[in-house]
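Colleague: 3D model of this:
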Amino acid sequence: MHLHCYTWTGPGAERAREGERRPLHPGFMASPLPPMRTCDWLLKPRTRIAASPATVPDALTWLAARYRAAEPSFLHPGGEARVGLDFRLELAEQHLADGVDVQWGIWLRGGNFTTPAVICCSPNRHADHPCPSGS
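Modeller: Numbers count the residues shown, from 1 in each chain. This next block holds a predicted model:
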């Protein structure tokens, strides 16, 4: 198994366009929106891969950096503080070690939403998608 990282930040209301977030929709490949199922990130063009960490600790470093970059814009910083980055990373480490995808969703000010994801590849537990990078 190896890992690929993806991210999307944009107007949260756009996530309601569920059709283009599903692989059978003709606009799926070109849509910047995150897929409905995490495993379907692997169907997006390889140019959507933000990183391909070599290890789970590297993936956690990537997730932490995305979180910290968004932190000044959190819509509900108090709520996020109650969950905390350390707890998020602890769960992510457990899930990724077990081959389970990790995707976080956080509301930002101005109606925006950010969602960093680390997807398990070759194999993925939920779909038999080919590796987008050809690995």
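Colleague: make it CA atoms for all contacts and neighbour counts henceforth
Modeller: Fine.
Colleague: show me what contacts residue 63?
Modeller: 89, 116-118 (CA atoms under 8 Å, 6 or more residues apart in numbering).
Colleague: helices of this protein, residue ranges please.
Modeller: 56-70, 77-83, 85-97 (DSSP state H).
Colleague: flag the shaky bits of the chain, pLDDT-wise.
Modeller: By pLDDT under 70, the low-scoring segments of the chain are 135.
Colleague: centroid residue for it?
Modeller: Geometric centre of the chain, nearest residue: residue 117, 1.7 Å, by CA atoms, centre = their mean.
Colleague: residue at max distance from the center of the protein?
Modeller: Residue of the chain lying farthest from the centroid, by CA atoms, centre = their mean: residue 78 (22.4 Å).
Colleague: distance of that one from residue 71?
Modeller: 11 Å (CA to CA, to the nearest Å).
Colleague: residue 42 - nearest residue in space that isn't next to it in sequence?
Modeller: residue 132 (5.8 Å; CA to CA, 6 or more residues apart in numbering).
Colleague: how about that neighbour, phi and psi?
Modeller: Main-chain torsions, residue 132, degrees, to the nearest 10: phi -70, psi -20.
Colleague: coming back round to it: quick check: bridge partners of the residue nearest to the centre of the chain?
Modeller: Beta-bridge partners for residue 117, by DSSP bridges, are residue 6, residue 103.
Colleague: that older thread, can you turn the buried part of the contacts of residue 63 into a PyMOL selection?
Modeller: Buried subset of the contacts of residue 63, written as a PyMOL selection, criterion 16 or more other CA atoms under 10 Å:
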select buried, resi 89+116+117+118
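Colleague: and residue 102, how far from residue 96?
Modeller: According to CA to CA, residue 102 stands 7 Å off from residue 96.
Colleague: kindly reformat the contacts of residue 63 as CSV containing distance to residue 3.
Modeller: Putting the contacts of residue 63 into CSV (distance: CA to CA, whole Å) gives the following:
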residue, distance to residue 3
89, 16
116, 13
117, 10
118, 6
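Colleague: and which of the contacts of residue 63 is nearest residue 37?
Modeller: residue 117 (11.2 Å; CA to CA).
Colleague: surely that closest one and residue 96 touch.
Modeller: No - Residue 117 is beyond contact range of residue 96, at 11.0 Å (criterion: CA atoms under 8 Å).
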